[in-house]
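Novice: Here is my input, please return the structure:
(one chain, ligands or ions: 3)
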Amino acid sequence: MNIVLFGPPGAGKGTQAKKLSEHYNIPHISTGDILRANVRDGTELGLEAKGYMDKGKLVPDEVLIGIIKNRLAEPDCVSGYLLDGYPRTIPQADALTGILEDIGKPLDVVLNIDFTNDELLSRLSGRRMCTCGVSYHIDFNPPKQNGICDVCGGKLYQRDDDKEEAIMQRLEVYSEQTQPLIDYYANTGIMVNIDGSGDIDDIFADICKALE
Ligand code: AP5
Ligand code: MG
Ligand code: ZN
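Specialist: Ligands and ions are numbered 1, 2, ... in the order given. Predicted coordinates:
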């Protein structure tokens with residue numbers, strides 16, 4: 001299964017991606033997670049990306065296109081892939097089409113998690129992350145033990161861009177630069193809209209039904 005997960009910041013892409021990647025046994029490729037790992041490790045890429053990310057702005061297209069091209073060439077993608085947070089601009093989507101043509105793994109489906117309301121802000125400000133990629137919410141999806149990851153026992157942290165100013169900027173960037181991709185993919189006939197409101201497990205069940 002070759003999937004793109006699409007939706008605004010806080011829609012639940014990462015949350016659903018974790019479940020989908022286990023269910024279909026395909027790698028979860030989150031460009032946000034890849035960039036954050038580079039920031040943490042202090043790589044050259046991380047140093048370049050951090051300034052954009054903390055402000056809620058997009059990292060330049062050519063950087064992301066390089067990341068995704070390399071990642072999709074890795075052997076675990078032979079059985080499929082789940083892209084979360086890429087593409088985010090028309091040039092990124094065009095580049096993806098070319099990359100997928102080259103490797104002979106065209107997209108099967110674009111899942112658009114449709115969620116635009118005031119709850120986005122509280123979802124993001126209450127989010128707590130683990131470096132293993134799992135995200136929690138202090139009220140909506142709390143870990144069993146306060147501040148500790150259920151999966152790996154790691155210490156949870158708050159993302160630097162989950163502060164109100166950066167959140168507002170990310171929402172603006174989404175509507176200006178990323179939302180136009182909905183029309184782009186709607187025209188290809190492989191887009192499925194999923195209602196992103198309600199219970200996490202119910203949304204996952206809706207996604208699985210749509211994929212079958
Ligand atoms: P990225 O990490 O991709 O962030 P984002 O798109 O802003 O999306 P989020 O991760 O914030 O939201 P999500 O949909 O994954 O929500 P989640 O499941 O965690 O990108 C970060 C930055 O990296 C960008 O701003 C940019 O700088 C850079 N970047 C990344 N990719 C790039 C690209 N392609 N081009 C350029 N720059 C790029 O859920 C949110 C919270 O809600 C959690 O607390 C969760 O527990 C909770 N929750 C989830 N579902 C529910 C539910 N149904 N009910 C209640 N709570 C829920
Ligand atoms: Mg995410
Ligand atoms: Zn963890």
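Novice: Spell out whether stretch 179-186 and ligand 1 are in contact.
Specialist: No - using C-beta under 6 Å from any ligand atom, we find that stretch 179-186 stays clear of ligand 1, coming within 10.6 Å at best. (C-beta placed from N, C-alpha, C; glycine too.)
Novice: The closest residue to ligand 2 within the chain - nearest residue in space that isn't next to it in sequence?
Specialist: Residue nearest to ligand 2 within the chain (C-beta to the ion): G14, separated by 3.1 Å. Excluding the flanking residues, the one nearest G14 by C-beta to C-beta, 6 or more residues apart in numbering is S135, at 5.2 Å.
Novice: my guess is F115 meets G12, correct?
Specialist: Yes - contact criterion C-beta atoms under 8 Å: F115 and G12 qualify, at 6.9 Å.
Novice: Find residues that contact each of the two.
Specialist: G196 (C-beta atoms under 8 Å, 6 or more residues apart in numbering).
Novice: residues near the residue nearest to G14, how many?
Specialist: S135 has 20 neighbours, counted by other C-beta atoms under 10 Å.
Novice: Now the residue of the chain most remote from its centre: phi and psi?
Specialist: The centre of the chain is farthest from one residue, Q145, which by C-alpha atoms, centre = their mean lies 25.3 Å away. Q145 adopts backbone torsions of phi -120, psi 130, taken as degrees, to the nearest 10.
Novice: other SSEs contacting the longest helix seen in the chain?
Specialist: Ranked by number of residues, the top helix in the chain under DSSP state H is helix 90-103. Contact partners of helix 90-103 among helices and strands, from 3 or more C-beta pairs under 8 Å, 6 or more residues apart in numbering; DSSP states H and E: helix 61-72, helix 180-186.
Novice: residue ranges of the strands in this protein, please?
Specialist: 2-6, 28-30, 81-84, 109-114, 127-129, 135-137, 191-195 (DSSP state E).
Novice: touching ligand 1 at all, the longest one?
Specialist: Spelled out, that is strand 109-114. No - contact of strand 109-114 with ligand 1 is not found when judged by C-beta under 6 Å from any ligand atom; the minimum separation is 6.9 Å.
Novice: That strand near ligand 2 anywhere?
Specialist: No - judged by C-beta under 5 Å from the ion, strand 109-114 makes no contact with ligand 2; its nearest approach is 10.7 Å.
Novice: Each with direction, which strands does that strand pair with?
Specialist: Note on strand 109-114: by DSSP bridges, its sheet partners are strand 2-6 (parallel), strand 191-195 (parallel).
Novice: Buried residues in the last one, which are they?
Specialist: By 16 or more other C-beta atoms under 10 Å, the buried positions in strand 191-195 come out as 191, 194.
Novice: Flag the shaky bits of the protein, pLDDT-wise.
Specialist: Counting by pLDDT under 70, the chain contains no low-confidence segment.
Novice: how about the residues of it that lie near ligand 1?
Specialist: Residues of the chain lying near ligand 1 (C-beta under 6 Å from any ligand atom): 7, 9-15, 31-32, 35, 52-53, 56-59, 64, 85-86, 88, 92, 123-124, 126-127, 135-137, 140-141, 161, 170, 198, 200, 203.
Novice: which of those residues count as buried?
Specialist: Neighbour-count burial (16+ other C-beta under 10 Å) applied to these gives 7, 9-15, 31-32, 35, 53, 56-59, 64, 85-86, 88, 92, 123-124, 126-127, 135-137, 141, 161, 170, 203.
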